[in-house]
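A.B. asks: Pasting the sequence and the predicted coordinates here, then a few questions.
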Amino acid sequence: MSNVSYPTICRHFESGDLEYVRKFLRYIIIVLFTIFIPFILVSNLFGGDIISLLYERGEFGKELTQTTAALFAIYTFGIFGYVCQELFNKILYLDSRYTFPVAGTLGVVVSKLIINALIPESWGVTGVAASTTLLFILYALGVWIVMGKVVGNYLNREFGFNILKILVSAMGAFGAYILTNVFLSDISFIIRLGVCGVVYVALVYITGLGKYILKKSREE
């Protein structure tokens, strides 16, 4: 399905083949979660190390590194919401449903302006980043609900099991992070990051999630 173009999805949707669209939505959401969950872990667990390695030179000291790493971690949560918005909005437009995308987008913009005006100055850029991420997540949840009304219930038991497999793989990677911090704290964070990555990928395949993704990617 990864080879399926947007026009292909359009044809299936317009022909009334909603089962195909539901399968596509389940698949693409699983792929997004499989990518973004470890990305979130990396940004939250290794964000400081990464920012320090890339930018901590000259006047870019530890305090600025910590602030940048915090923003990196916060905005990471919002990326998933943004991608869902881009994906689902296109399908809503196919069904000539403009109310939610337009009203939702305006709601996000207006809410953002109001929140920015009310955020205490002591919260600084962290508060601004957190409010942006929260609005993206809320929009994503809203558009998920609206999509269910357009194509029917697309979140089935298989989808739930695949999400569980992702979480199990993520927990395994987090466990590896804790163990490497305890027993390998003196080695480079890049090696510890690599160990966590290997554990995550291994569990993705052990649980059968990798097979599901690769199998579906060959389907049209």
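C.D. replies: Perfect, thanks for sending it.

A.B. asks: residues near residue 120, how many?
C.D. replies: 7 (other CB atoms under 10 Å). For every residue, glycine as well, the C-beta is placed using N, CA and C.

A.B. asks: so it sits right up against residue 127, yeah?
C.D. replies: Yes. Between residue 120 and residue 127 a contact is recorded at 7.2 Å, counting by CB atoms under 8 Å.

A.B. asks: Which strand or helix spans the spatially most central residue of the chain?
C.D. replies: For the chain, the residue nearest the mean C-alpha position is residue 80 (3.1 Å; CA atoms, centre = their mean). Element membership of residue 80, judged by DSSP states H and E, is helix 62-94.

A.B. asks: Could you name the helices and strands sitting against the next helix or strand after that helix?
C.D. replies: Once the chain leaves helix 62-94, the next helix or strand it forms, by DSSP H and E, is helix 99-118. Applying 3 or more CB pairs under 8 Å, 6 or more residues apart in numbering; DSSP states H and E, one finds that helix 99-118 contacts helix 62-94, helix 124-151.

A.B. asks: Give me the buried positions along the longest one.
C.D. replies: In other words, helix 62-94. Under the neighbour-count criterion of 16 or more other CB atoms under 10 Å, helix 62-94 has 65, 68-85, 87-89, 91-92 buried.

A.B. asks: angle of that helix against helix 124-151?
C.D. replies: Computed by axes from the mean of the first three to the mean of the last three CA atoms, to 10 degrees, the angle separating helix 62-94 from helix 124-151 equals 20 degrees.

A.B. asks: what's helix 62-94 packed up against?
C.D. replies: Packed next to helix 62-94, using 3+ CB pairs under 8 Å, 6+ apart, are helix 6-14, helix 18-45, helix 47-55, helix 99-118, helix 124-151.

A.B. asks: May I see the buried residues of the second one?
C.D. replies: Within helix 18-45, the residues scored as buried using 16+ other CB under 10 Å are 20-31, 33-34, 36-38, 40-45.

A.B. asks: That one versus helix 62-94: what angle between them?
C.D. replies: 170 degrees.

A.B. asks: next one: helix 18-45 to chain centre, how far?
C.D. replies: 7 Å (CA atoms, centre = their mean, to the nearest Å).

A.B. asks: Repeat that for the third one.
C.D. replies: If you compare the mean C-alpha spot of helix 47-55 with that of the full chain, they lie 21 Å apart, counting by CA atoms, centre = their mean.

A.B. asks: Understood, closing this out.
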